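Trainee: Give me a model of this one.
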Amino acid sequence: MAKRLFCSFPHLRIREVVPFISPLVPIYFTMLAVFMILLIASLQGTAQQESSFPYQVPLDPQGSVQMSWNVSYPEKVIYFQILIKDLKFGLIFGMSDRGEFAGADLAVLWSDAHHSYFADAWSDQQGRLHLDSQQDYELLKARQSPEGLYLLFKRPFITCDPRDYTIEDGTVHVIYALLEKPYSVLSAIDVFTIQNRGLQRVQLLKPDIPIAQLPRDVINLDVRAPDVLIPAQETTYWCYITELPKDFPKHHIVMYEPVITKGHEAIVHHIEVFQCDVGYQTIPRYSGPCDSKMKPQRLNSCRHVLAAWAMGAKPFYYPEDAGLAFGGPDSSRFLRLEVHYHNPLQLKGLRDSSGIRLHYTPSLRKYDAGIMEVGLVYSPVMAIPPGQTDFSLTGYCTDKCTYTALPPNGINIFASQLHTHLAGTVVSTVLAREGREIEVVNIDNHYSTHFQEIRMLKKMVRVLPGDVLITSCKFNTQDRSKVTVGGFSITDEMCVNYMHYYPRTDLEVCKSIMDPDYLQKYFHMVNRFNSDEICTCAEKAVTEQFNEVPWNSFSGGVLKSLYDFAPISMHCNRSSAVRFPGEWEKQPLPEVKEKRTAPETDCQPRKDSKSKGPTLVRI
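Mentor: Numbers count the residues shown, from 1 in each chain. You can find the predicted model right below:
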């Protein structure tokens, strides 16, 4: 195995090692000293300082492996810092499409019990590791500290290596594994036999935008569920109802941040705060699992998003001239907190009081920020057949609705929260103007419903009257034997984008649904082409009709074609849930003559990334 000498770190220790170099010790140490001087000088100019990693998440449930990172957009590189608190024989770190350990792009630190090595690698479908012919993970530094071993390395967003994962906007599934024994060679490692492994979801490409200053008269409000006994199960969504004081006047939320119970940083996965429907004078008090049969039905009316945080996210700041209004006569006093606990070790007896801290001001800013919901109406008319890998559904905010409801100067979208339930895998919203797609508002090609957060956009998107917003979702129902219909249940599906914008308008919902009459034509066709035992009869509810469909490539393909050309019914709704004046039924699909194409990547061979072997790390 060919080796590249990196450097010696006498204080780092996996195992004590024997000096591996030749009898030419004086020459070797002279060359090593020169090399170290050049290395330190180069690191001072290019590597990130350990204090400059603004983003951090624990990779494992115990928090014994911490990942910190920073993004350099000029270099198109991410700098990673990994802290391993109890290192034995190495670490596997990497990325894959959905957190799989097969076919993953990996950086590996391993020991053969005498020497330690670092290399860019990949795993095959059997879980075996292979050295990558193009070394794109570059080790910059390794340092032992009282906390553990720090590894600092970097990786370009795009490497043009077909074995590598392309780092892009949206969710990234990061995987890790801790090596419990030495390995003589990299190819001896089988990731499927490693017990201590897992995944973490993060948004690596954080936007590089300035942070607005908080006003001096800012007030804090903690929305926290007190003393929750976290269930000893892998996944729990906990709901808690709280309320604002009576006659609470209008304020502007200008920032919010997570408040995590100490020691639970690896268990509290994401948090959301919703405001309840202003039409209800009271909401029953509740603190318990969100899927409990004991949960009051009225909690389902608490869907107006105020704040959303997910692991790895920093505090969320509103633009300097806008704030999210809450309080006052047009706002509900009742808030619903939802905390997602991820407890894969099924630990017992954990008490938690995590939540979100809202920072708000009585000094109202120039603009009220608004939240507009675009995409598909929650209805069983929109359905996904079983056994699908990437079934697509699309919802529209049409030119007619934006022309009717938006102000002449339009609105500015500065943040977005994409949303589906369990089957969603890809979500995007695209802006079209005069029949041409011109801009992506938000996209997540590796979307997970278990990692939802309000994400700041890299730049504001201006939406003008007459523009069209197209929200598309892909769904995977390979593990389902029955149809999945649109609806509110976690086993139903949604396809929406909660867009945060200013100035606020009366338009709160701009969503579409296929005209129901065309769906009945589809069910009639199913009846004609099948035996008398099949009855997708009109007198049955839509969900019952879908459950009668014999699903195959023909019935699924015809349904997909129907969704792609049938006219739609528009929900162009005010915040009162009343539609704007106009004709909204049986509207033609917006015509998009020119689709936006993804920018081509100019992939040239990277001379600096070629390597015949791993880096030797003397620890």
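
Trainee: Would you map the helices across the stretch 1-150 of the chain?
Mentor: Assigned by DSSP state H, counting those that start in this stretch, the helices in the stretch 1-150 of the chain fall at 25-46.

Trainee: Neighbours of residue 509, how many?
Mentor: Residues near residue 509, counting by other C-beta atoms under 10 Å, number 20. Using the backbone N, CA and C atoms, a C-beta is placed for each residue, glycine as well.

Trainee: cool, residue 548 as well?
Mentor: 17.

Trainee: going forward can the numbers begin at 488, since that is how I track them
Mentor: In the new numbering, first residue 488, that becomes residue 1035.

Trainee: how near is it to residue 1017?
Mentor: 9 Å (C-beta to C-beta, to the nearest Å).

Trainee: Can I get stretch 570-578 as PDB, trimmed to CA atoms?
Mentor: Provided in PDB are the C-alpha atoms of stretch 570-578 (Å, rounded to 0.1, in the frame of the first residue of the first chain):
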ATOM      1  CA  LEU A 570     -14.400  15.600  18.000                       C
ATOM      2  CA  ILE A 571     -14.200  12.000  19.100                       C
ATOM      3  CA  LYS A 572     -14.400  11.800  22.900                       C
ATOM      4  CA  ASP A 573     -13.500   8.100  23.300                       C
ATOM      5  CA  LEU A 574     -11.500   7.000  20.200                       C
ATOM      6  CA  LYS A 575     -10.500   3.400  20.000                       C
ATOM      7  CA  PHE A 576      -9.400   2.300  16.600                       C
ATOM      8  CA  GLY A 577     -10.900   4.900  14.300                       C
ATOM      9  CA  LEU A 578     -13.900   6.600  12.800                       C
END
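
Trainee: in this protein, which spans are helices?
Mentor: 512-533, 886-892, 1003-1015, 1029-1035, 1040-1052 (DSSP state H).

Trainee: Comparing the ones you listed by mean pLDDT, which bottoms out?
Mentor: Ranked by mean pLDDT, those bottom out at helix 512-533, which scores a mean of 40.

Trainee: Residue 695 touches residue 943, doesn't it?
Mentor: No: judged on C-beta atoms under 8 Å, residue 695 makes no contact with residue 943 at a distance of 10.1 Å.

Trainee: For these two, indicate the residue with more neighbours.
Mentor: Taking other C-beta under 10 Å, residue 695 and residue 943 do not tie; residue 943 has more neighbours (20 against 10).

Trainee: For that one, list the residues it contacts.
Mentor: 694, 696, 803, 901-902 (C-beta atoms under 8 Å, 6 or more residues apart in numbering).

Trainee: Now render the residues you listed as JSON lines, adding distance to residue 873 and neighbour count.
Mentor: Converted to JSON lines, the contacts of residue 943 look like this (distance: C-beta to C-beta, whole Å; neighbours: other C-beta atoms under 10 Å):
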{"residue": "694", "distance to residue 873": "38", "neighbour count": "14"}
{"residue": "696", "distance to residue 873": "42", "neighbour count": "14"}
{"residue": "803", "distance to residue 873": "38", "neighbour count": "22"}
{"residue": "901", "distance to residue 873": "39", "neighbour count": "20"}
{"residue": "902", "distance to residue 873": "35", "neighbour count": "23"}
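
Trainee: In strands, which of these appear?
Mentor: 803, 901-902 (DSSP state E).

Trainee: Name the weakest-confidence residue in these, if you would.
Mentor: Lowest confidence among the ones in strands among the contacts of residue 943: residue 803, with 90.
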